[in-house]
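# requesting a structural model of the entry that follows:
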Amino acid sequence: MHLLRRVSWVAGLAGIGLVGCDAATTSAQANAVPPPSAVQLPAPTPCAEDAGWSDPTPPRHVFGNTWFVGTCSIGAFLITSPEGHVLIDAATMEAAPSIAANTRAAGFRLEDIKKILVTHEHNDHVGGVAALQTLSGAPVFARPAAADALKAGISDRRDPQFEVVDRFPPVANVQPLVDGLVVEVGPLRIDHLPNTGHTAGGSGWAWTSCEGETCRRIVYPDSVSAISDKTYRYLDHPDHVAAFRQTLATIATQRCDILLTTHVQSSDMLARLDGHKPLVDADACRAYAANALTGLEKRLADEKNGAAP
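Down below sits the predicted model:
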């Protein structure tokens with residue numbers, strides 16, 4: 001299936017003008033897709049239902065210039081162009097070698113990664129950032145709370161889960177990210193979505209990838225579960241709750257052809273990438289946000305009733 005998709009992709013780029021993309025920048029981004037690797041992707045292998053954060057799995061082609069390079073449980077994505085690539089998330093420290101291997105197996109050089117972006121400041125998503133930064137030399141961009149955590153190797157009390165999260169290798173070159181900034185690398189344009197809620201420094205990301213005449217808006221929101229350690233109460237942090245609600249509203253209103261998620265199981269992502277379930281679902285972001293809002297409301301109700309945390 002992957003080989004057929006890749007052949008049609010190249011044929012489309014070579015012989016068909018781009019129509020149906022969002023704007024001129026989208027068209028430029030689509031035209032920037034490099035030819036796929038001459039080496040066929042490794043065949044997908046099944047992951048255990050209880051797969052760990054670091055368990056390896058082969059890379060997958062998502063759509064256009066977007067590639068899944070993560071693990072059996074954790075999302076990590078490469079967005080590519082001839083002028084350099086962007087990596088979003090890096091799973092755990094133990095998973096860094098497999099993310100590097102997946103990047104190479106998809107036909108790309110780690111040295112061509114120009115920027116590393118993150119979703120939120122927890123070990124299962126940023127534990128491998130320091131190693132991938134060392135291999136690529138790329139700076140890391142994160143919102144202030146996440147940037148502070150990346151530099152320290154652990155989050156702080158702004159994080160609802162602070163007392164139960166693991167440390168991770170500190171990251172050296174971290175640059176603070178302005179909310180709503182469009183991240184650019186050559187022709188790539190990646191929209192930043194402030195996603196406070198699961199943590200204080202959470203970020204979502206959205207971009208458009210094209211194959212021939214077909215363009216898809218891809219949305220990679222942050223985790224949205226309202227969980228905490230035994231000390232933190234959401235009711236004691238009304239500003240955080242308000243920002244959480246805004247996060248969910250933002251996700252719900254995105255134009256969202258392809259939903260990607262920080263945890264693979266949250267959206268049956270590997271099954272969708274492997275063709276066992278539909279990849280494209282224009283209602284996916286809305287459903288993802290609605291489910292999270294139900295969880296947030298339940299958490300707040302439980303706190304009022306003395307049942308949480």
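
# for the stretch 1-150 of the chain, what spans make up the strands?
For the stretch 1-150 of the chain, the strands identified by DSSP state E, counting those that start in this stretch occupy 60-63, 66-68, 77-79, 85-88, 113-117, 140-142, in order along the chain.

# so what strands line up beside the second one?
Yep, that's strand 66-68 we're talking about. strand 60-63 (antiparallel), strand 77-79 (antiparallel) (DSSP bridges).

# which other helices and strands does the longest helix seen in the chain contact?
Longest among the helix segments of the chain by residue count, using DSSP state H, is helix 284-304. Here helix 284-304 is seen to pack against helix 238-252, strand 258-259 when contacts are counted using 3 or more C-beta pairs under 8 Å, 6 or more residues apart in numbering; DSSP states H and E. Using the backbone N, CA and C atoms, a C-beta is placed for each residue, glycine as well.

# any idea which of those is most buried?
Of the helices and strands packed on helix 284-304, the one with the most neighbours on average (mean count of other C-beta atoms under 10 Å) is strand 258-259, at a mean of 25.

# next SSE after that strand?
Scanning forward in sequence from strand 258-259 by DSSP states H and E, the next helix or strand is helix 269-273.

# which residues does Gly197 contact?
Gly197 makes contact with Asp222, Val224, Ala226, His240, Ala243, Phe244, Thr247, Leu248, Ala292, Leu296, according to C-beta atoms under 8 Å, 6 or more residues apart in numbering.

# which residue packs closest to it, ignoring adjacent ones?
Nearest residue to Gly197, sequence neighbours excluded (C-beta to C-beta, 6 or more residues apart in numbering): Phe244, at 3.6 Å.

# against Ala289, how distant is the one you found?
As defined by C-beta to C-beta, to the nearest Å, Phe244 lies at a distance of 11 Å from Ala289.

# joint contacts of those two?
Contacts common to Phe244 and Ala289, judged by C-beta under 8 Å, 6+ apart, are absent.

# give me the neighbour count for the spatially closest residue to Thr231 that is not a sequence neighbour.
Closest residue to Thr231 in three dimensions, ignoring its sequence neighbours and counting by C-beta to C-beta, 6+ apart: Glu163, at 6.0 Å. When neighbours are defined as other C-beta atoms under 10 Å, Glu163 has 12 of them.

# same check on Thr71?
In terms of burial, Thr71 registers 26 neighbours under the definition other C-beta under 10 Å.

# show me what contacts it?
The neighbourhood of Thr71, defined by C-beta under 8 Å, 6+ apart, consists of Ala51, Trp53, Ser54, Asp55, Pro56, Thr57, Ala91, Thr92, Ala95, Ser98, Ile99, Val264.

# need the pLDDT of it.
Thr71 is assigned a predicted lDDT (pLDDT) of 98.

# so what's it bridging to?
Beta-bridge partners of Thr71, counted by DSSP bridges, are Pro56.

# before we move on, back to that, kindly reformat the contacts of Gly197 as CSV containing pLDDT and distance to Thr71.
As requested, these are exported to CSV (pLDDT from 0 to 100; distance: C-beta to C-beta, whole Å):
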residue, pLDDT, distance to Thr71
Asp222, 98, 18
Val224, 98, 20
Ala226, 98, 24
His240, 98, 29
Ala243, 98, 29
Phe244, 98, 27
Thr247, 98, 25
Leu248, 98, 26
Ala292, 98, 23
Leu296, 98, 27
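
# and stretch 143-157, how far apart are its ends?
Stretch 143-157 stretches 16 Å from its first residue to its last (C-alpha to C-alpha, to the nearest Å).

# how about stretch 264-279?
Across its full length, stretch 264-279 reaches 13 Å between end residues, using C-alpha to C-alpha.

# give the buried residues for it.
Val264, Ser266, Ser267, Met269, Leu270, Arg272, Leu273, Asp274, Leu279 (16 or more other C-beta atoms under 10 Å).

# the second one: what's it in contact with?
Going by C-beta under 8 Å, 6+ apart, Ser266 touches Ser223, Tyr288.

# which pLDDT value goes with it?
Reading off the per-residue confidence, Ser266 sits at a pLDDT of 96.

# likewise for the fifth one?
Looking at Leu270, its pLDDT is 96.

# next: the last one.
According to the predicted model, the pLDDT of Leu279 comes to 98.

# that'll do, ta.
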